[in-house]
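Student: Generate a structure from the sequence data that follows.
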Amino acid sequence: MNHRKLDADFAIAGQITPEHVQAIADAGFKSILCARPDQEEPGQPSFASIASAAERAGLFAVHIPVSGGLTEGALIRAEQAFKELPKPMFGYCRSGARAGSLYSAIKSAVR
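Tutor: Model prediction:
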């Protein structure tokens, strides 16, 4: 499972599976943010399966599905999650782009 650190608080990756979650915890991440809608493509793990694995690994998980452009609602939820959940956070979607866009948008809004 490859990931890219955007800064000390946030990293992004493409789609993960429940089997990846323990490695994410072992790498020091405290929270997972999923920006991918469920059933976006066949065979994709559901957020519920990722969240269940996260709970078993002692991680927090939040689902902020983004389809198309970033909405005000998604940005509000992402900002709240970033304020409330422990860091560092591991964000994922199909390629990592939407998770990274959410993070970039809330970081620039906070500055």
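Student: switch to C-alpha atoms for all contacts and neighbour counts from now on
Tutor: Noted.
Student: Show the end-to-end separation of stretch 41-54, please.
Tutor: With C-alpha to C-alpha, to the nearest Å as the measure, the ends of stretch 41-54 fall 22 Å from one another.
Student: Same question for it: list its buried residues.
Tutor: 45, 47, 50, 51, 52, 53, 54 (16 or more other C-alpha atoms under 10 Å).
Student: remind me which residues of this protein are low pLDDT?
Tutor: Scanning the chain for pLDDT under 70 picks out the ranges 110-111.
Student: Okay, helices next: where are they in this protein?
Tutor: Assigned by DSSP state H, the helices in the chain fall at 21-26, 47-56, 72-84, 97-110.
Student: Neighbours of residue 83, how many?
Tutor: Counted with other C-alpha atoms under 10 Å, the neighbours of residue 83 add up to 10.
Student: And for residue 27?
Tutor: By the criterion of other C-alpha under 10 Å, residue 27 has 10 neighbours.
Student: Residue 70 versus that one, what's the distance?
Tutor: Between residue 27 and residue 70 the computed distance is 29 Å (C-alpha to C-alpha).
Student: Dead centre of the protein: give me the residue that sits there.
Tutor: Central residue check for the chain by C-alpha atoms, centre = their mean: the C-alpha nearest the mean position is that of residue 33, 2.1 Å away.
Student: returning to that earlier point: okay if I get the helices of the chain as a markdown table plus distance to residue 39?
Tutor: Converted to a markdown table, those look like this (distance: least, C-alpha to C-alpha, whole Å):
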| stretch | distance to residue 39 |
| --- | --- |
| helix 21-26 | 19 |
| helix 47-56 | 10 |
| helix 72-84 | 18 |
| helix 97-110 | 16 |
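Student: Which one, of the ones you listed, ends up nearest to residue 4?
Tutor: The closest of the helices of the chain to residue 4 is helix 97-110. By C-alpha to C-alpha, the value is 9.7 Å.
Student: Just the buried residues of that closest one, please?
Tutor: So, applying 16+ other C-alpha under 10 Å, buried residues of helix 97-110: 97, 98, 99, 100, 101, 102, 103, 106.
Student: thinking again about what came up before, of the buried residues of stretch 41-54, closest to residue 19?
Tutor: residue 53 (7.7 Å).
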